[in-house]
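Q: Dropping a prediction and its sequence here:
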Amino acid sequence: MIFLFLLVPIFLFAQTLDPLSLEKALSQSYQFLGSGGQCTAYVSADGTYVLKLFKNRPFPLSKESRFTPFYTRWHRLRKMQKQMDKRDRLYFAYRYCCDKLSEETGILYVHFHTDVDLDTCDFVLQKRAIGLEDYFLTLRAQGRLSDARKAVDQLLELPYSLYKKGMRDRDTHFFNNYGFIEDKPVCFDVGRFVPIDGEEKKKSYEKKRALFKKTLYDWLKIHYPEL
């Protein structure tokens, strides 16, 4: 269980919550939920929020590249630039989604530092979502077939909603990244979101949507054949 005390200055942030609601959300205790490559997630005591703490310096050079004698300064700088570009894309995706896609992602607050101080803490506050598998299996257990059909239709519209607002998801792990909040579909992992524009990008989106649809239908045929 952890408690948050926000004593560090904010350098880059975005929020959709009013200050009192944000304070209430962050004043709760949080328990460990899971960990990924970019961050560690904690769930609030009331089960409403997820706090994602980004790992300290998630994009460092490897020890081998830092200490290998023939790893030239040019290569180090090039590698560092790539890592910083990756970091900037990640930060941009979360901030953009907080500003423009809060309903589609559940992101409520973004707090990033622009320096590399190891004592700083980058984090994101989101509403907690129910994963796709748990959501549809619950609907099936409750015999809510019409609600399940509606949920499928809404879920398949989500990639288009993202596209209309200028973003697409490069990740193919749909069942790990998508879910529902208050019966509305969301993508709660936006770490691989990128801006979308132009015909070529549109074709990429359409291909991705077709893959999303196939993955969902294949799973439903096995686990929810009534649909």
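A: Structure received. Residues are numbered from 1 along each chain as shown.

Q: how does the protein divide into domains?
A: Domain ranges of the chain: 12-127, 130-223, per automatic domain parsing.

Q: if we look at the helix or strand hosting Leu139, which residues are touching it?
A: Element membership for Leu139, per DSSP states H and E: helix 132-141. When contacts are defined by Cβ atoms under 8 Å, 6 or more residues apart in numbering, helix 132-141 is touched by residues 130, 145, 147-148, 151, 155, 174-175, 178-180, 216, 219-220, 223-224, 226. C-beta: built from backbone N, CA, C; applies to glycine.

Q: now swap in stretch 153-163 and tell me
A: With contacts defined as Cβ under 8 Å, 6+ apart, stretch 153-163 is touched by 101, 104, 132, 168-169, 178, 184-187, 193, 196, 202, 205, 208-209, 212-213, 216.

Q: what mean pLDDT does that stretch have?
A: Rounded to a whole number, the mean pLDDT of stretch 153-163 is 90.

Q: That stretch: which residues count as buried?
A: Applying a neighbour-count criterion of 16 or more other Cβ atoms under 10 Å, one finds 155, 158-159, 162-163 buried in stretch 153-163.

Q: Nearest the geometric middle of the chain, what residue?
A: Nearest to the geometric centre of the chain sits Asp189, at 2.0 Å (Cα atoms, centre = their mean).

Q: hmm, back to that, redo the buried residues of stretch 153-163 as CSV? Include distance to Gln83 and secondary structure.
A: Output for the buried residues of stretch 153-163, formatted as CSV (distance: Cβ to Cβ, whole Å; DSSP: H, G, I helix; E, B strand; the rest coil):
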residue, distance to Gln83, secondary structure
Leu155, 34, helix
Leu158, 30, helix
Pro159, 29, helix
Leu162, 26, helix
Tyr163, 28, helix
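
Q: so which of those residues comes closest to Gln38?
A: Leu162 (19.3 Å; Cβ to Cβ).

Q: Return the subset of the contacts of stretch 153-163 lying in strands.
A: Counting by DSSP state E, the contacts of stretch 153-163 place 168-169, 178, 184-187, 193 in strands.

Q: With neighbour count added, can I get the residues you listed in a markdown table?
A: Formatted as a markdown table, the ones in strands among the contacts of stretch 153-163 follow (neighbours: other Cβ atoms under 10 Å):
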| residue | neighbour count |
| --- | --- |
| Arg168 | 19 |
| Asp169 | 25 |
| Tyr178 | 23 |
| Lys184 | 15 |
| Pro185 | 23 |
| Val186 | 25 |
| Cys187 | 25 |
| Phe193 | 24 |
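
Q: All set, thanks.
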